[in-house]
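Chemist: Please work out how this folds:
(2 chains)
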Amino acid sequence: MTSTPAQTAESIVALSPGAMLRRRAFGHYGLLFGLAVLGLVFAAALFAPLLAEHSPYTQNLAARMKPPFWMAGADPSHLLGTDQLGRDYLARLLYGARISLLIGIVTAVISGLIGTTLGVAAGYFGGKVDLAVTFLINVRLAMPVVLVALAIVALFGGSLQIVILVLGFLLWDRFAVVMRSSVMQIRGLEYVNAARAIGCTTPRILLSEIMPNVVNNLIVVMTLEMAHAILLEAALSFLGLGVQPPTPSWGLMISEGKEMMLFQPWLITIPGIALFLLVLAINLLGDGLRDVTAPEAKG
Amino acid sequence: MTDPILNVRNLTVDIPIGAGTLHAVRGIDFELNRGETLCIVGESGSGKSLTSLAIMGLLGKRLQVRADVLEFEGRDLRSMPPREMRALRGDRMAMIFQEPMTSLNPAYTIGDQLCEALRLHRKVSKAEAMTRAADLLGKVGITAAESRLRQFPHQLSGGLRQRVMIAMALMCEPDLIIADEPTTALDVTIQAQILRLLADLKREMNMALILVTHDLGVVARIADKVAVMYAGEIVESGSAKAIFDAPAHPYTRGLLNCIPVPGKTKPGEPLGSIPGIVPSLIGTVSGCAFRSRCELAVEACATTVPERSASGEHMYRCFHEPLKSEVA
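Modeler: This is a model prediction of the structure:
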């Protein structure tokens, strides 16, 4: 062949996509902070039995409402004090992280599966499928999440499983909307047609041609919905319709502490700050991931 | 003469839209033999791309494709079940798309995508497929093929990507390659290289090539047969030589007049142009579709125009005799 381009592969200095991602991620402080805090919460949840000296369920009515370590009269064996029933607050906080993370992750996975399936089908097939899915999304958007969740939990009783299922089946709308529009963008590109032209089947095109190119959006939505679910669980528990006592849940801890709010403010401040930090970290991580994987969408 | 590799008789593509039907392709006939290059020429919206997509069976179900005959290597494509059609696509017939910047999936390396084209149809190991991919990259003029295989599409220029697309089309040694405006998105110097490459490969591998283009310069260089499309119809077809030497249809003459010819076109002299726009193809279309823009139009042009032979296989659809004197 005579018509050889002058450039050779070696002469082109280009980073692999992975290296480029890493470089962008390490320059993104929001993402790093989010990752660090989320990592800490994960570690706390995972190693709760090792970190906590007491069981989160053991009551000690003789040692009720001990203040945390920075206040006068603190008991050195209860670092964050005790609650109204004398249970160790640190232990409840650590075990509560398990509940929050469990709810966040499982809900995001359930709603992610539902929303992605619907969104990808609508975006790829268009036409009547799209009409049907759009209708479903609109129906879902017309339902007030908190009210519906409250009603269902009130009807079937509050438990961890019910809260997870209810939230999972309610929070899929953003997945569907985002997946639908990103698949629509990609469906029209020629490499999808090219894949069909080399003889790919439709499932193969969906899984191996389209999914890798929309999965970054999926991850971003997943983090945001995870934060959403954690907050909703806290809200439901606060209202007494979420996780039931004596399970340690941050929302429940705030709820139980609210009567003492004016006299023992740490009872709601500590789980409140934990909830705030966790949700902030997840949101920062989600925003950071979006900036890193799709810098053109920033701002 | 052997049987044609591709035989198309009275191919129509209808697009249902809101109120009526858009007759985008209206009765296309052609046949193509092994080793031949057919160029389909026409302006935007004349149905060139739809014709090629219809042959590949890549049009959506919403579009109605009909034909009296649509045979590839003697097999009827119209009645073929989707599974067999998929087995044919990419294996015996391959397609090269217009836009090299979006024809490759950004999520996979060049090597992965080339291998996929082969491994969908042949039971070969990944290593064997990679070897073949590297061979073909060399064949389409890409140096350092081994390291290119590990690169991602965004690391390649447009010209290189189009070479990769050609290599991908060649992975299974197809009998027919359909190239839908393969050089439109590339700059002029690369266009010439890609075209020469396609022509060389066609000769070397004894394939048939359908080249869809609106660039008559391209056609003159590599076509054996030419089909000029206007408003969904082939208005003139024949050997490239016949059409360039003695264009019979006023539209073809108009197209040829738009191109400057060194030595003939005088400096400062305006190039030819065809006044007006392509007519709407919604609803029933009758008569010669070009009559609204044709300076020779007479009343009879509103009736059905028969296909006539100018000489041998050189066919055209017009009431008027070819004007030999007006050759561009």
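Chemist: what distance separates the start and the end of stretch A:55-70?
Modeler: Counting by C-alpha to C-alpha, to the nearest Å, you get 22 Å between the two ends of stretch A:55-70.
Chemist: and it, how far out from the chain's middle?
Modeler: When C-alpha coordinates are averaged (C-alpha atoms, centre = their mean, to the nearest Å), stretch A:55-70 and its chain have centres 31 Å apart.
Chemist: Same check on stretch B:259-278?
Modeler: Shown here is stretch B:259-278, whose average C-alpha point lies 25 Å from the average C-alpha point of the whole chain (C-alpha atoms, centre = their mean).
Chemist: Give me the contacts around it.
Modeler: In this structure, residues lying in contact with stretch B:259-278 by C-beta atoms under 8 Å, 6 or more residues apart in numbering or on different chains are B:43, B:45-46, B:216-217, B:230-231, B:251, B:254-255, B:257-258, B:289, B:292-293, B:328. C-beta here means a position set from N, CA and C on the backbone, and glycine is covered the same way.
Chemist: what's the span of it, first residue to last?
Modeler: Here the two ends of stretch B:259-278 are set 19 Å apart, with distance taken as C-alpha to C-alpha.
Chemist: List the buried residues in that stretch.
Modeler: Along stretch B:259-278, these residues count as buried under the neighbour rule (16 or more other C-beta atoms under 10 Å in any protein chain shown): B:274, B:278.
Chemist: Now it: average pLDDT?
Modeler: Per-residue confidence for stretch B:259-278 averages out to 74 on the pLDDT scale.
Chemist: which residue is nearest the centroid of the chain?
Modeler: Just so you know, I chose chain A. Averaging the C-alpha coordinates of chain A gives a centre point, and the residue nearest to it by C-alpha atoms, centre = their mean is residue A:226 (1.7 Å).
Chemist: sorry, should have said chain B
Modeler: Chain B, centroid-nearest residue using C-alpha atoms, centre = their mean: residue B:212 at 2.3 Å.
Chemist: gap between the host helix or strand of the residue nearest to the centre of chain A and the chain center?
Modeler: Using DSSP states H and E, residue A:226 maps to helix A:211-238. The offset between the C-alpha centroid of helix A:211-238 and the centroid of the whole chain comes to 4 Å, using C-alpha atoms, centre = their mean.
Chemist: Quick one: check it for contact with chain B.
Modeler: Yes - with C-beta under 8 Å from any C-beta of the partner chain as the threshold, helix A:211-238 lies in contact with chain B, specifically through A:212-213.
Chemist: Name the residues of that helix that come out as buried.
Modeler: With the criterion 16+ other C-beta under 10 Å, helix A:211-238 contains buried residues A:211, A:213-218, A:220-238.
Chemist: right, and the helix or strand after it?
Modeler: Following helix A:211-238 in sequence order, the next helix or strand is helix A:250-257 (DSSP H and E).
Chemist: and that next one with helix A:211-238, angle?
Modeler: An angle of 20 degrees separates the directions of helix A:250-257 and helix A:211-238 when computed by axes from the mean of the first three to the mean of the last three C-alpha atoms, to 10 degrees.
Chemist: Output the contacting helices and strands for the helix or strand bottoming out on mean pLDDT in chain B.
Modeler: When the helices and strands of chain B are compared on mean pLDDT, DSSP states H and E, strand B:307-311 comes out lowest with a mean of 75. Here strand B:307-311 touches strand B:314-317, going by 3 or more C-beta pairs under 8 Å, 6 or more residues apart in numbering or on different chains; DSSP states H and E.
Chemist: Sounds good, over and out.
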